[in-house]
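Participant: after the sequence you'll find the predicted model.
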Amino acid sequence: MKEVFHGTTILAVRRDGRVAIGGDGQVTLGSTVVKKGAVKVRRMEEGRVLAGFAGSTADAITLFDKFEARLKTYRGNIKRASVELAKEWRTDKVLRRLEALLIVVDREHSFIISGSGDVIEPEDGIASIGSGASYATAAAKVLLRFTDLDAKSIVREAMKVASEICIYTNDQISIEEIE
């Protein structure tokens with residue numbers, strides 16, 4: 001995946017049958033912070049699916065809507081909905097111009113979806129996108145290995161670490177969890 005979007009960090013972590021996803025609240029326009037408290041994660045499918053985005057807000061909202069429609073079509077099957085969204089996103093002349101990445105999770109699966117047709121399911125239960133993704137992932141890996149923190153706490157602490165390193169990530173973190 002070549003897309004790297006500046007202006008956000010989204011992190012999803014699985015542990016002990018729970019999955020949490022969090023996003024920072026910073027919105028930038030060029031090198032200027034224009035908002036500190038944006039919410040970039042949301043619940044779908046009556047709370048059984050969580051999603052977060054990095055990239056253009058308008059593009060991400062369009063993709064959220066498309067993904068939700070796919071979830072309804074495939075009766076909540078996140079894997080099928082993810083693949084079908086990626087196929088449409090890659091081949092549709094209008095959608096292919098959208099500049100965003102998505103993470104979607106449910107009880108069993110976590111996927112990173114891109115406009116290049118990627119549907120990636122991380123092996124270690126950690127998925128991240130955005131400019132602070134590598135920092136948040138590194139922190140989450142250490143916390144998973146060396147602490148007993150739950151998924152939500154790992155997301156919170158790893159996002160704090162990312163906000164201390166990445167200039168496009170702040171510490172105004174929104175977190176959703178599926179137990």
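Facilitator: Happy to help now that I have it.

Participant: helix/strand/coil for Gly37?
Facilitator: coil (DSSP: H, G, I helix; E, B strand; the rest coil).

Participant: I figured Gly132 hits Tyr168, correct?
Facilitator: Yes: if you go by CB atoms under 8 Å, Gly132 and Tyr168 touch, sitting 6.6 Å apart. In short, each C-beta sits where N, CA and C put it, glycine included.

Participant: of the two, which one has the most company?
Facilitator: Set side by side, Gly132 and Tyr168 show more neighbours around Gly132, with 31 against 21, by other CB atoms under 10 Å.

Participant: so the more buried one versus Thr9, what's the distance?
Facilitator: 3 Å (CB to CB, to the nearest Å).

Participant: where's the residue lying closest to Val27 once chain neighbours are set aside relative to Gln172, distance?
Facilitator: Nearest residue to Val27, sequence neighbours excluded (CB to CB, 6 or more residues apart in numbering): Lys35, at 3.9 Å. Distance from Lys35 to Gln172, counting by CB to CB: 9 Å.

Participant: returning to that earlier point: which residues do Gly132 and Thr9 both contact?
Facilitator: Here Gly132 and Thr9 have Asp24, Met159, Ala162, Ser163, Cys166, Tyr168, Thr169 as joint contacts, going by CB atoms under 8 Å, 6 or more residues apart in numbering.

Participant: tell me which of the residues you listed has the lowest pLDDT.
Facilitator: Here the lowest pLDDT out of the shared contacts of Gly132 and Thr9 sits on Tyr168, with 91.

Participant: where does that one fall, phi/psi-wise?
Facilitator: Phi and psi for Tyr168, reported as degrees, to the nearest 10, are phi -100, psi 10.

Participant: quick one: mean pLDDT for the lengthiest helix in the chain?
Facilitator: In the chain, assigned by DSSP state H, the helix with the most residues is helix 57-73. For helix 57-73, mean pLDDT rounds to 92.
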